[in-house]
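In: model the structure of this input:
(one chain, ligands or ions: 2)
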Amino acid sequence: MRSLEELKHQLQNPKSIVILPHTKPDADALGSSLALMSLMKKMGHKVNIISPTDYPAFLNWIHGQDEVIQYTEAKAAEIKTLISESDIIFALDFCALKRVDKLEAMVRESKAEKVLIDHHIGKEDFADYELWSSKASSTAELIYDFIHLMDLSDKMGKHEAEAIYAGIMTDTGSFRFPATSRKVHLIIADLMEYDIDHAKIHRLVYDNNRLKKLQLLGYALSQKLKFLPEYNAAYISLSEKDLEEFNYRTGDSEGLVNYALSLKGVVFAALITEKDDGVKCSFRSVGEFNVNEYASKHFNGGGHKNAAGGRIEGSLESALSKFENSLKEYKEELVKQSELENTLC
Ligand code: 5GP
Ligand code: MN
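Out: Ligands and ions are numbered 1, 2, ... in the order given. The predicted model follows:
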């Protein structure tokens, strides 16, 4: 591992930089990438953000997003050249290269120096430089730190502040998750110095729903939410047919799993969705129940202690029975956690 001081030195000369967010980037991955791109450009570097997939339309307001190159088969050759000819690759908001899907092999083959900035558990050892902390609320918080470590705060402007704000706001669940530290609030106070419209950013992300998305929410809550009180757990399942019926777009199911978690008594919730390439799972928990470990053990995934995801092959039905059966193993732990939730200790 090399020091960030050395990276700072490297960045004194113009470089060709590629920034990678994870597949299906969220506001944290995309906001972090766009803030970093903007600052690196101001330093005189050539910069491209390559997203492994598309991302939700409610992120279309973040400055610079129209420059993001989205991976498609048709663009594969051009993207491969960009990755192999770059000097530096930034990996943002993920810590294992499998999270960039089709780009994984290209990154592994590239001679570029790799910089990891991330806050997920389960870090793979692929980067030359790292700014990693599983205690950080978000990658955007670490981007803020990075800007200061690289002495770039004089280059910060409103657009970078907005992008960083979006990442911190969404990954902290609008400043309510445990990782919302004193430091997070101080960073936010500083971002507000750039005259950002924080209330509007919240509306652009959360109050920008298509009718079909809200109707999918209604359907999921009324028809597809299963409460398992004996395990203090609940889950929502969606089939490919359900998604088709509601004209599903990327991002339409974001936040759904939190409704299952908000049920009184529930400390572990899942959203299990049938996709064309397998079954995608989102897990959320409160307190000590560790969904990162759970997702890694049962669903080939990972993430954080209280928010994780995974993917499994096979039918939706088999994923659902796997989920329900797995709960037996955790019954005692889940009941105990739920009892703890009744009081403030
Ligand atoms: P979500 O449920 O919102 O898709 O993801 C929750 C958290 O888990 C996010 O921090 C996300 O980056 C991570 N995550 C989601 N899916 C996967 C996965 O398949 N593997 C790993 N390692 N992490 C995931
Ligand atoms: Mn994140």
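In: which residues in this structure form strands?
Out: Counting by DSSP state E, the chain has strands at residues 16-21, 46-51, 69-70, 88-92, 113-118, 129-132, 225-228, 233-238, 268-275, 278-285, 302-303, 307-312.
In: in TSV: those strands, plus distance to residue 151 and mean pLDDT.
Out: The C-beta positions use only the backbone N, C-alpha and C, and glycine is treated the same way. Converted to TSV, the strands of the chain look like this (distance: least, CB to CB, whole Å; pLDDT from 0 to 100):
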stretch	distance to residue 151	mean pLDDT
strand 16-21	17	99
strand 46-51	18	98
strand 69-70	29	98
strand 88-92	17	99
strand 113-118	16	98
strand 129-132	15	98
strand 225-228	50	98
strand 233-238	46	98
strand 268-275	42	98
strand 278-285	38	98
strand 302-303	32	97
strand 307-312	33	98
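In: mean neighbour count added to those strands, as JSON lines?
Out: Below are those laid out as JSON lines (neighbours: other CB atoms under 10 Å):
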{"stretch": "strand 16-21", "mean neighbour count": "24"}
{"stretch": "strand 46-51", "mean neighbour count": "21"}
{"stretch": "strand 69-70", "mean neighbour count": "14"}
{"stretch": "strand 88-92", "mean neighbour count": "26"}
{"stretch": "strand 113-118", "mean neighbour count": "24"}
{"stretch": "strand 129-132", "mean neighbour count": "19"}
{"stretch": "strand 225-228", "mean neighbour count": "16"}
{"stretch": "strand 233-238", "mean neighbour count": "24"}
{"stretch": "strand 268-275", "mean neighbour count": "24"}
{"stretch": "strand 278-285", "mean neighbour count": "24"}
{"stretch": "strand 302-303", "mean neighbour count": "22"}
{"stretch": "strand 307-312", "mean neighbour count": "22"}
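In: need these in a markdown table (columns: distance to ligand 1).
Out: Formatted as a markdown table, those follow (distance: least, CB to the nearest ligand atom, whole Å):
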| stretch | distance to ligand 1 |
| --- | --- |
| strand 16-21 | 10 |
| strand 46-51 | 14 |
| strand 69-70 | 18 |
| strand 88-92 | 11 |
| strand 113-118 | 9 |
| strand 129-132 | 14 |
| strand 225-228 | 17 |
| strand 233-238 | 12 |
| strand 268-275 | 7 |
| strand 278-285 | 3 |
| strand 302-303 | 3 |
| strand 307-312 | 2 |
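In: please identify which of those is closest to ligand 2.
Out: strand 113-118 (7.7 Å; CB to the ion).
In: what sits against residue 116?
Out: The contact partners of residue 116, taken as CB atoms under 8 Å, 6 or more residues apart in numbering, are 91, 95, 123, 126, 127, 129, 130, 131, 132.
In: quick one: distance of stretch 259-269 to the chain centre.
Out: Here the centre of mass of C-alpha atoms in stretch 259-269, compared against the chain's by CA atoms, centre = their mean, to the nearest Å, lies 21 Å away.
In: including distance to ligand 2, could the strands of the chain go into CSV?
Out: Putting the strands of the chain into CSV (distance: least, CB to the ion, whole Å) gives the following:
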stretch, distance to ligand 2
strand 16-21, 10
strand 46-51, 15
strand 69-70, 19
strand 88-92, 9
strand 113-118, 8
strand 129-132, 12
strand 225-228, 26
strand 233-238, 22
strand 268-275, 17
strand 278-285, 14
strand 302-303, 9
strand 307-312, 9
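In: which of the contacts of residue 116 sits closest to residue 11?
Out: residue 129 (10.6 Å; CB to CB).
In: with adjacent residues omitted, what lies nearest to the residue in the chain that ligand 2 sits nearest to?
Out: Residue of the chain nearest ligand 2, by CB to the ion: residue 28 (3.5 Å). Of all residues not flanking residue 28 in the chain, residue 167 sits nearest, at 4.0 Å (CB to CB, 6 or more residues apart in numbering).
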